[in-house]
Each structure stands twice: as structure tokens, then as C-alpha cells.
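Q: Mind looking at a prediction? Sequence and model below.
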Amino acid sequence: MSFLLLQLAFLASSAPLSAENQEIAVIFRYDDYNNDSPTDIETKMIQALKSQNLSATFAVIPFTAVQDQVPGETAVPAPLSVNKADILRAGIDAGVLEVAQHGYSHQSIREAADYDGPLFGEDFYGDTRTEFAGLDYERQVEIIAAGKSLLEETLEVEVSCFIPPFNTYDSNTTRALEDLGFECLSAGRTGIPIQSSKLKFVPNTCELRHLKMAIETARRTSGGTSLIVVLLHPFDFVEFDKERGRYSFEEFEEYLVWIDTQDDLRVITIKEAIESINDLNMARFESYYSFHVSSTFHLLPPILDFLPYPWLFYPSEDAIREIMLKHWLLLAVFYSAVLGIAAVTAYGGGVFLFSRHEGLRTGIKWGCLALLILLAVYAFRDLEFYYSGVIILTIIAGVTLGLWVLDKKLERTNDGS
Ligand SMILES: [Zn+2]
């Protein structure tokens, strides 16, 4: 019976959701374009996008800091240079680039080590470094507005998407963005949801090396549009950074060529995403966020890890809800099966044992119950659950249940005889 249930759950959870309306959109988000970023790679990127007829969103830092990411730096950051602006303008004119604003000067107001708050919950900013989270509203408006004006005047385009450096922000950031006419915020997967915000949220979801895996998983869901937002940085390219680099420019180009051959994908910019996908709102982002901070994934043994969990892509709200429902169903069926098998085995073992050693009955049944209570108290003391511990607890619960049911039955038999 339990095996049958488990098999049913497997079938239900591994079958793709209804195939209708299935669509996957890919966004390339290239961060940290500034006066010091590698111009040769960027020029080649624009060229490669053009020849594949694809597009990307470049997150441009309006003012380049003399020394990046140093808190308390006093040198005045330099505005986007004429040369770097010309390259962007050519890309925009060619129809392959969209420019988003990447903070003001990308300097963190605190060092990573300064922050030792909780990693999740309302104080979670995704990264311990930040240019904005914690700054007052007026200051955020001032520097975001200065960056926006510079980009818009220099590039002669409207900038409506904001990408906070280190993917960190707070509710003052979203309020400032709305008041300055921004439509969209693109941060990370675990950026905090700001309930009051009317902005569209387009989190980055993966790096280039995970793109194919993200696409394969996204193909197993449906209902609305799944978004894959690929995060690229200058330091990802080995030509620019031999140590941190993960791929060569040639490999990047190969991805572009490959993606062009995939009929079910469309490559768009962030602006195109918020215009063509109607549910990129807070509700969708909140369900995505709660998925990412849920601790129930520790309860699943690796062997049952076959649902299309959205670690690398951003499914529609309906799809996330359906995945979570299947996740809970899977957990319920798996643990019921473990409990049932343990109970039946203990019952059978008890029938055999007690028929020979009747005296052991009371001691074993109370012993199992005591062990179960003891382990449960131990497990619940820090509320950190892992599948191995929960499986053991469930087995002991099953054994206890089996023995107590048998005990009741033997009692009734004895009473009757
Ligand atoms: Zn950045």
C-alpha cells in the first residue's frame, strides 16, 4: 500500500504540468559596466549579440569610483566617460542593448564583516555589502536621481530599471525608485519582498554555466512564462580575470549560437519582460522568495529530488504554487510510507517475539514510547530538521504505533479468552 502511494506520488510529481501556455524567456543581465570595465570584451559582446540577433540588459554604473567598494572613500567618482557612453549608444541604436541603472557608484557603505545579523527574514539583504540598504530615504533619492539624470542625458534614453549593487536594497530604495519614475527592480533571488512596492521584480536567477540546466528544469513546468535571468560580470571572463573567470569569450559566444537554435526560448531585455509578462509583481516575487527561504527542502532525501524546483529560474506564481503543492504531497506520502512500513514490520515482529517471550511486551512498548519522546524533544530543541533525523524519528514512531496496536489487540484477545 505504502509503495503504491509512493509510486503514485512519483508519477504525479514527475509529470510535467499541463503543456499549454508554456513559454521560457531568457534575459542576459551584464552587471558593472563602468569606465574601468573591459571595453574590448564589451564591444565584442555587443557585436556577438548583433550577429545572433539577440539582446541584453547592461547594468551601467553612472559614476565610477576611484577605488571600488571601499567604505568611506572620499574621492569624487567620475561620470560615465564619453568613450564608454558612445559604445552603449551604438549598442542601443543597433537594437541589441538596453541600459539599466546599476546604483550610483557601486561603493559599499559597510564592509562584509560589519554585518552579523540574521541571513533571512526582514534584515536579510542578500549580501552583507550594500550601497543602499540602511541609507535614509532622502539620501537614496538624491544619489539615485543623480545617476538616472546622468545616464538619461548622456545616452538620450529613458532608464526605467534599477539594479542595486550587491543585489541589496530596502523599502526606502523601492520608495525612492517609485517616486523617481522607475518601473522595475532587478536584484537577486533572495532579495527581500517589499509588500508596499508597486515595482516589477525581475530577480537574476543563474550564472551562464547553469543556463542549460535552468532551461531543462524550466521546460518541465508550465503555466505563464518562466524567466531565466542570466547574470554576467566582467570577472566571469577569463580574458579579463584569469583567477575568477569561469568561461572564455568564445564559450559565451557558443551559448548565444546554441540559444538561437532553441525554438521554445525567446531572449528579451528586462524592459521587454515587464511589458510582455503581466505577473512580474510582488505576489509572484513573494511566492518565489518563500520558496527560497523554506527549510522544508532539508526534509527531502536526495533520491526524491526530482521536482522542477525553481532554484535557477523564475516560474509564474501558479507554477510555483503547483511545485510547492507537489513538494508537500511528496513529503506527506514519503513519510506516511516510512511510518506505515515501520508500523507493519514492528507489528509482525511483535507477533513473533511476544508469542515466545510474553514478558517482554510491556517493557518494549513503554521503552519505544520513551525513546520516541526523548528523540522528539531532542529534534525539536532547535527546529533544524534534516531528512536523516526525521526518517529515524518517523521509523521509531511507526515501530511504537505498531507495537501499541498489537498490544491492544493482544489485550482484547486475552480479555476474551
Ligand atoms: Zn555590481
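A: That came through, no problem.
Q: for the residue of the stretch 151-300 of the chain found nearest the ion, what are its contacts?
A: When scored by CB to the ion, the stretch 151-300 of the chain has residue 165 as its residue closest to the ion, at 4.5 Å. To be clear about C-beta, it is placed using only N, CA and C from the backbone, and glycine gets the same treatment. For residue 165, the residues meeting the contact criterion (CB atoms under 8 Å, 6 or more residues apart in numbering) are 61, 102, 103, 106, 108, 129, 130, 131, 132.
Q: How far does stretch 166-174 sit from its chain's centre?
A: Relative to the centre of its chain, stretch 166-174 is centred 17 Å away, using CA atoms, centre = their mean, to the nearest Å.
Q: And it, what's buried?
A: For stretch 166-174, a neighbour-count test (16 or more other CB atoms under 10 Å) marks 166, 167, 168, 169, 170, 172, 173, 174 as buried.
Q: can you check stretch 385-394 too?
A: Taking 16+ other CB under 10 Å as the basis for neighbour counts, the residues of stretch 385-394 that come out buried are 387, 390, 391, 393, 394.
Q: Same check on stretch 249-257?
A: Taking 16+ other CB under 10 Å as the basis for neighbour counts, the residues of stretch 249-257 that come out buried are 249, 252, 253, 255, 256.
Q: where does the closest residue to residue 137 other than its chain neighbours land on pLDDT?
A: In this structure, residue 137 finds its nearest non-sequential neighbour in residue 172, 4.3 Å apart by CB to CB, 6 or more residues apart in numbering. Residue 172 is assigned 92 on the pLDDT scale.
Q: List the contacts of residue 172.
A: Under the criterion of CB under 8 Å, 6+ apart, the neighbours of residue 172 are 132, 135, 136, 137, 140.
Q: From those, keep the buried residues only.
A: Among those, those buried by neighbour count (16+ other CB under 10 Å) are 132, 135, 140.
Q: Please convert those to TSV, extending it with distance to the ion and secondary structure.
A: What follows is the buried ones among the contacts of residue 172, written out as TSV (distance: CB to the ion, whole Å; DSSP: H, G, I helix; E, B strand; the rest coil):
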residue	distance to the ion	secondary structure
132	12	coil
135	17	coil
140	17	helix
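Q: Cross the buried residues of stretch 385-394 against strands and list the overlap.
A: Helix and strand membership here follows DSSP state E; of the buried residues of stretch 385-394, not one is in strands.
Q: So residue 210 sits against residue 312, correct?
A: Yes: because the distance of 5.2 Å satisfies CB atoms under 8 Å, residue 210 is recorded as touching residue 312.
Q: if you count what's nearby, which of the two comes out ahead?
A: The residue with more neighbours, out of residue 210 and residue 312, is residue 312; 21 against 17, by other CB atoms under 10 Å.
Q: Can you give me every residue that contacts the nearest residue to that one once chain neighbours are set aside?
A: Leaving aside its sequence neighbours, residue 312 sits nearest to residue 214 (CB to CB, 6+ apart; 3.7 Å). Residues counted as contacts of residue 214 (CB under 8 Å, 6+ apart) are 205, 206, 228, 312, 313.
Q: where exactly do the helices run in the stretch 251-400 of the chain?
A: 270-276, 282-293, 317-356, 360-380, 387-416 (DSSP state H, counting those that start in this stretch).
Q: which stretch among the ones you listed comes nearest the ion?
A: Using CB to the ion, those put helix 270-276 closest to the ion, at 15.0 Å.
Q: Can you give me the buried ones in the closest one?
A: For helix 270-276, a neighbour-count test (16+ other CB under 10 Å) marks 270, 271, 272, 273, 274 as buried.
Q: wait, which of these is closest to residue 223?
A: The shortest gap between residue 223 and any of the buried residues of helix 270-276 belongs to residue 273, at 16.9 Å (CB to CB).
Q: since we're on the closest residue to residue 297 other than its chain neighbours, how many residues are nearby?
A: Spatially, and ignoring its direct neighbours in sequence, residue 297 is nearest to residue 309 (7.6 Å; CB to CB, 6+ apart). By other CB under 10 Å, 20 other residues sit near residue 309.
Q: Spatially nearest residue to residue 209, not counting backbone neighbours?
A: With CB to CB, 6+ apart as the criterion, residue 209 has its nearest non-adjacent residue at 5.9 Å, and that residue is residue 246.
Q: Residue 406 too?
A: In this structure, residue 406 finds its nearest non-sequential neighbour in residue 350, 4.4 Å apart by CB to CB, 6+ apart.
Q: returning to that earlier point: tell me which of the buried residues of stretch 249-257 is nearest to residue 147?
A: Scanning those for proximity to residue 147, where the rule is CB to CB, the winner is residue 252, at 27.4 Å.
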